[in-house]
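*Asks:* no FASTA, just this:
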């Protein structure tokens, strides 16, 4: 009897991880958080882009080329030392971050976002910090997730297709060879797929994808997979091939979410245990020293007030270590985990304010959001929707009706924009 019960539980678990992409709201917050962080960073550094990553950088183009020939890193900025080419890459990085944030053809934009992040960071590797390392990793992970299921233009487009009758449940249930479910029309997806395919072909022929084997393979698998996804949805939406593609996409998404969770736990665990070994963290004075550094005091008066209180410095120093070391062990207790999650978000907000590291803090808060409870995220989405209705409500519209329509924007069965060609 116990064996039968175990088999049933195992079957349910396998069914769950293969039939749906888990954590749709968490993955959407990760998408929005990291793309917004990098977008704001690129906008802030827009006046200094040439000195940081471009032709005027102290780490010159020929020096970067020598380094990359050894570490085999990928960066499109090594394709040419032209200023015009640099401006194109920077503009594409900006645009892809903005479009990924709003969820327009999320699959294609996540690939372009990853290419933009890797291109700029690998061009001048000495410009980054811990937050850049997190963005570097998360940009790679995002391409494997179905992060456009909710809170995206893709989800809105899919819901609109359902409402106008282009995609209906009745079509799916009518008969095996009955009315064919169509995908939302539009030329943007096919055009993106063709253009990106041409760029990928040229980059592969000219050996411009770096010296590793996995990155070119990932690019080609994603490109070919999206073409197959669109073709199957267009011509055989109820076939076994369609089901197989869904299963593969769900498995990749769910496995990537597990990797992101493990990555966040590893970051906090290593940071906490390394701090424990430091004498300044042991005696409770570690926070005092960065508060006295000019490079990390955007608000000198506020830093002086905090540094003048020995008790506060000691509590914050010990509290930081305790939270970072304890967090991975609290994942099995939801209430304690949520409390420590709030503490870590407050910690990073304090780092952004007191130490002048806003983008590092934004990146870490975005990474922490993978552990946010779904109930809270649904509630937060509802509040945002209500605020939008109050701000942009049209005359003659009933707010309740508007909210009912908006609730349809996030169909849980749909992955990344209603199965468009590169969405």
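*Replies:* That came through fine. What you see is a predicted model; the values in this text were computed from it and never measured. Residues are numbered from 1 along each chain as shown.

*Asks:* please enumerate the helices of the stretch 151-300 of the chain.
*Replies:* Secondary structure of the stretch 151-300 of the chain by DSSP state H, counting those that start in this stretch: the helices cover 153-163, 169-174, 188-205, 214-235, 240-276, 279-282, 300-307.

*Asks:* ok, now which ones touch the nearest residue to residue 252 once chain neighbours are set aside?
*Replies:* What sits nearest to residue 252 in space, not counting adjacent residues and going by CB to CB, 6 or more residues apart in numbering, is residue 144, at 4.9 Å. For every residue, glycine as well, the C-beta is placed using N, CA and C. Listed by CB atoms under 8 Å, 6 or more residues apart in numbering, the contact set of residue 144 reads 252, 253, 255, 256.

*Asks:* can you pick the most crowded of those?
*Replies:* residue 253 (23 neighbours; other CB atoms under 10 Å).

*Asks:* check what pLDDT that one gets.
*Replies:* If you check residue 253, the pLDDT there is 96.

*Asks:* what of residue 414?
*Replies:* For residue 414, the predicted pLDDT is 42.

*Asks:* rewinding a little: farthest pair within the contacts of residue 144?
*Replies:* 253 and 255 (7.4 Å; CB to CB).

*Asks:* just to revisit the earlier point, okay if I get the helices of the stretch 151-300 of the chain as JSON lines plus distance to residue 91?
*Replies:* Below are the helices of the stretch 151-300 of the chain laid out as JSON lines (distance: least, CB to CB, whole Å):
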{"stretch": "helix 153-163", "distance to residue 91": "20"}
{"stretch": "helix 169-174", "distance to residue 91": "41"}
{"stretch": "helix 188-205", "distance to residue 91": "15"}
{"stretch": "helix 214-235", "distance to residue 91": "20"}
{"stretch": "helix 240-276", "distance to residue 91": "28"}
{"stretch": "helix 279-282", "distance to residue 91": "43"}
{"stretch": "helix 300-307", "distance to residue 91": "37"}
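
*Asks:* which one of those helices lies closest to residue 127?
*Replies:* With respect to residue 127, and counting by CB to CB, the nearest of these is helix 240-276 at 20.3 Å.

*Asks:* check which helices and strands the closest one sits against.
*Replies:* Where contact means 3 or more CB pairs under 8 Å, 6 or more residues apart in numbering; DSSP states H and E, helix 240-276 is packed against helix 2-19, helix 24-44, helix 130-142, helix 214-235, helix 310-326, helix 358-368.

*Asks:* rerun at 7 Å
*Replies:* Packing partners of helix 240-276 (3 or more CB pairs under 7 Å, 6 or more residues apart in numbering; DSSP states H and E): helix 2-19, helix 130-142, helix 214-235, helix 310-326.

*Asks:* who wins for proximity to residue 271 among the ones you listed?
*Replies:* With respect to residue 271, and counting by CB to CB, the nearest of the helices and strands packed on helix 240-276 is helix 310-326 at 5.3 Å.

*Asks:* can you name the element that comes right after that closest one?
*Replies:* Next in sequence after helix 310-326, counting helices and strands by DSSP states H and E, comes helix 334-354.

*Asks:* tilt between that next one and helix 310-326?
*Replies:* 130 degrees (axes from the mean of the first three to the mean of the last three CA atoms, to 10 degrees).

*Asks:* elements contacting helix 334-354?
*Replies:* Contacts defined by 3+ CB pairs under 7 Å, 6+ apart place helix 334-354 against helix 300-307, helix 310-326, helix 358-368.

*Asks:* so which of those helices is the most packed in?
*Replies:* Among the helices and strands packed on helix 334-354, helix 358-368 has the highest mean neighbour count (mean count of other CB atoms under 10 Å), at a mean of 22.

*Asks:* what about it, average pLDDT?
*Replies:* On average, helix 358-368 scores 95.

*Asks:* could you give the angle of it to helix 240-276?
*Replies:* Using the same axes, to 10 degrees, helix 358-368 lies at 120 degrees relative to helix 240-276.

*Asks:* next helix or strand past helix 358-368?
*Replies:* Helix 358-368 is succeeded, C-terminally, by helix 374-392 (DSSP H and E).

*Asks:* buried ones in stretch 52-62?
*Replies:* 53, 54, 57, 61 (16 or more other CB atoms under 10 Å).

*Asks:* contact partners of that stretch?
*Replies:* 45, 50, 51, 77, 81, 83, 86, 120, 123, 124, 126, 127 (CB atoms under 7 Å, 6 or more residues apart in numbering).

*Asks:* quick revisit: what's the closest of the helices and strands packed on helix 334-354 to residue 243?
*Replies:* Of the helices and strands packed on helix 334-354, nearest to residue 243 by CB to CB is helix 358-368, at 32.6 Å.

*Asks:* residues in contact with the closest one?
*Replies:* 30, 33-34, 37, 41, 129-131, 134-135, 138, 264, 341, 344-345, 348-349, 351-352.

*Asks:* okay, the helices and strands packed on helix 240-276, which one's buried deepest?
*Replies:* Greatest average neighbour count among the helices and strands packed on helix 240-276 goes to helix 130-142 (a mean of 20), per mean count of other CB under 10 Å.

*Asks:* residues contacting that one, please?
*Replies:* 30-31, 34, 37-38, 110, 113-114, 117, 121, 256, 259-260, 263, 359-360, 363-364, 367.

*Asks:* can you state the direction angle for it and helix 358-368?
*Replies:* For helix 130-142 against helix 358-368, the angle by the same axes, to 10 degrees is 40 degrees.

*Asks:* please shift the residue numbers so they start at 6 in all later answers.
*Replies:* In the new numbering, first residue 6, that becomes helix 135-147.
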